[in-house]
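S.K.: Next input, structure requested:
(one chain, ligands or ions: 3)
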Amino acid sequence: MSMSNSLKKLSSCVLIDLDGTLINTDGVVGDILRKYLCKYGKQWDGRESLKIVGKTPVEAATTIVEDYELPCKVDEFNSEFYPLFSAQMDKIKSLPGANRLIRHLKCHGVPVALASNSSRANIESKISYHEGWKECFSVIVGSDEVSKGKPSPDIFLEAAKRLKKDPADCLVIEDSVPGVMADEVINSLLDIRLEKWGLPPFQDWIENTLPIDPWHIGGPVIKGFGRGSKVLGIPTANLSTKDYADELVEHPSGVYFGWAGLAKRGVFKMVMSIGWNPYFNNKEKTIEPWLLHDFTEDFYGEELRLIIVGYIRPEANFSSLESLIAKIHEDREVAEKALDLPSYAKFKGDPYLTK
Ligand code: ADP
Ligand code: RBF
Ligand code: MG
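M.R.: Ligands and ions are numbered 1, 2, ... in the order given. Predicted coordinates for the structure are as follows:
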C-alpha cells in the first residue's frame, strides 16, 4: 500500500484506487480462476493474483491466457470470466479501514475520486454492494474512459480534471502499481495519517490505540519457534494459523490487543503480534499473543480464546534485539492502560472467552 503526492505538499482532495486498496478482489478472483483453470487441466497458483489485480481487464486476461498457455483467445477468456465474476461480486469484502476512510473524507467534505483500472461499469457494480459508498465519490474514472490505464497517469489526471483540481493538490492512495514511486509506503489503510497530507485527521484513535470491529479467535495453544521466552523474555502463546487462513488474509499484519481467556485459569489482558515478525523474517504469518500475567507453568494444548479489540501499530524491523524488546514493552503499557477504558473493558466479561 502506498500513498503518493507528487510534491509532498498539502492536499485538498483524494484520488483512490479500488481493487486491492478499498476492496479485497483477490479472494473472489482466485476462487473463480481455480475452478476455471481446472477445465483446461491447469492449476491456479494463488501468487499469480499479484500479477492481475489492478490491471485493466484486457491486460489481466492476456497475462492469464499467456502464463497458463490456454487454448483460447483473450476476448473468449474475458467473455467467460466476466459473467462468473459478476455473479460473485457481492462476496467481495471491503478491506479493513476502507469504510472508515471514505466515510471520514465524506464527512469532512474532502472531494474523493475513485480512479481504477477496471471498466466504469464494473466499478459501479462492485461499489453497489457496499452501502453508502457511491455517495462518497464525487467522481469515478475507469480505464475505458481514458486512452491508457495505469501505470500511465491518464486515469489520475482525468480524475483531477473532473474534480476541477490541480493534480499537485491530490493525494493518491493506491496499492502497489509497478513503476510508480510513492512518497510514503504504508502497510494498510489503518496506518494512514491524513494530517501529514494536510487533510483532516481521524479522531477515532484513543490513547494511542485504534478501536476495531472485535475479532474472535480461539484454539489450542501450539508450540512456536521456541524463542519468545528464551530470546526475548516475552512468552507468546501461539495459535495455529491454518485454522484462520481467511481471517489472516483479511487482517493486516500488526500489533493488536484485547482479552484472552483460558477456561481453567481466567481472563487476562493481552497484547499480540500478527504477521511475519520482520526482525526474525518468518516465512509464515503467525499469531502471537502475550498474556499480561505471570503464570507459574506452561499451558500448551489448552484452549485459548481471544477477543481482539484494537490496533496499535504496524509490525516493524529493529536494529537490535534490545530495541525490539523495548518496543514490545511499550506496546504492553499502551494495551494495559487502554484495556481499562470502558469501550475496551466491556469485552472482558464476554462468555466467548471462557466457554
Ligand atoms: P513458543 O515458541 O512455543 O510459543 P514461547 O517461548 O513463546 O514458546 O512461550 C510460550 C508458552 O509459554 C505458551 O505457549 C504458554 O504455554 C507459556 N506461557 C507462560 N506465560 C505466558 C504468558 N504470559 N503469555 C503467553 N504464554 C505464556
Ligand atoms: N516482531 C517483529 O519482528 N517486529 C515487531 O514489530 C514485533 N512486535 C511485537 C509486538 C508484540 C506485542 C509481541 C508480543 C511480539 C512482537 N514481535 C515483533 C514478535 C516477536 O518477534 C515474536 O513474539 C517472537 O518472534 C517470538 O516468536
Ligand atoms: Mg510463542
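
S.K.: Give me the below-cutoff pLDDT ranges for the stretch 151-300 of the chain.
M.R.: Along the stretch 151-300 of the chain, segments meeting pLDDT under 70 span 178-179.

S.K.: could you redo the last one with a cut-off of 90?
M.R.: Within the stretch 151-300 of the chain, the segments meeting pLDDT under 90 span 151, 175-184, 225-231, 241-251, 280-286.

S.K.: which residue ranges form the helices in it?
M.R.: Taking DSSP state H, counting those that start in this stretch as the criterion, the stretch 151-300 of the chain contains helices spanning 154-163, 245-250.

S.K.: likewise the stretch 1-150 of the chain?
M.R.: With DSSP H, counting those that start in this stretch as the criterion, the stretch 1-150 of the chain has helices at 25-38, 49-52, 57-67, 74-88, 98-107, 120-128.

S.K.: Out of those helices, which gets the lowest mean score?
M.R.: Of all the helices of the stretch 1-150 of the chain, helix 49-52 carries the lowest average pLDDT, namely a mean of 69.

S.K.: near ligand 1, which residues of this protein?
M.R.: 221, 223-230, 235-238, 290-291, 293, 295, 298-300 (C-beta under 6 Å from any ligand atom). For every residue, glycine as well, the C-beta is placed using N, CA and C.

S.K.: Sort out which of those residues are buried, if you could.
M.R.: In the residues of the chain next to ligand 1, burial by neighbour count holds for 221, 224, 228, 235-238, 290-291, counting by 16 or more other C-beta atoms under 10 Å.

S.K.: With distance to ligand 3 as extra columns, can I get those residues in CSV?
M.R.: Listed next are these as CSV, based on distance: C-beta to the ion, whole Å:
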residue, distance to ligand 3
V221, 9
G224, 3
G228, 4
P235, 6
T236, 3
A237, 6
N238, 5
W290, 8
L291, 11
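
S.K.: and those residues, which two are the farthest apart?
M.R.: Spatial extent of these (C-beta to C-beta) is set by the pair G224 and L291 at 13.8 Å.

S.K.: My understanding was that I217 contacts A245; is that so?
M.R.: No. Contact between I217 and A245 fails when scored by C-beta atoms under 8 Å: they sit 11.8 Å apart.

S.K.: out of those two, which sits in the busier spot?
M.R.: The neighbour comparison of I217 against A245 (other C-beta atoms under 10 Å) goes to I217, with 20 against 10.

S.K.: State the distance from the residue lying farthest from the centre of the chain to R265.
M.R.: In terms of distance from the mean C-alpha position of the chain, T296 ranks first, at 37.1 Å (C-alpha atoms, centre = their mean). T296 sits 10 Å away from R265, going by C-beta to C-beta, to the nearest Å.

S.K.: can you check P289 too?
M.R.: Counting by C-beta to C-beta, the gap from P289 to R265 is 14 Å.

S.K.: repeat for L18
M.R.: 46 Å.

S.K.: now swap in G258 and tell me
M.R.: Using C-beta to C-beta, one gets 17 Å for the distance from G258 to R265.

S.K.: between these two, who's got more neighbours?
M.R.: Set G258 next to R265 and count neighbours by other C-beta under 10 Å: G258 wins out with 26 against 16.

S.K.: residues in contact with the more buried one?
M.R.: Neighbouring residues of G258 by C-beta atoms under 8 Å, 6 or more residues apart in numbering: 214-215, 270, 272, 306-310, 339, 344, 347.

S.K.: What are the phi and psi values at the residue nearest in space to the middle of the chain?
M.R.: When C-alpha atoms, centre = their mean is applied to the chain, the residue found nearest the centroid is P252 (4.4 Å). When read as degrees, to the nearest 10, the backbone of P252 gives phi -60, psi 150.

S.K.: just the helices of the stretch 151-300 of the chain: most buried one?
M.R.: Across the helices of the stretch 151-300 of the chain, averaging neighbours per residue (mean count of other C-beta atoms under 10 Å) puts helix 154-163 on top, at a mean of 20.

S.K.: now for that one, which elements pack on it?
M.R.: strand 13-16, strand 112-115, strand 139-141, strand 170-174 (3 or more C-beta pairs under 8 Å, 6 or more residues apart in numbering; DSSP states H and E).

S.K.: rerun at 6 Å
M.R.: Secondary-structure packing of helix 154-163 (3 or more C-beta pairs under 6 Å, 6 or more residues apart in numbering; DSSP states H and E): strand 13-16, strand 112-115, strand 139-141.

S.K.: How far off centre is the shortest one?
M.R.: Which is strand 139-141. Its chain's average C-alpha position is 23 Å from that of strand 139-141, according to C-alpha atoms, centre = their mean, to the nearest Å.
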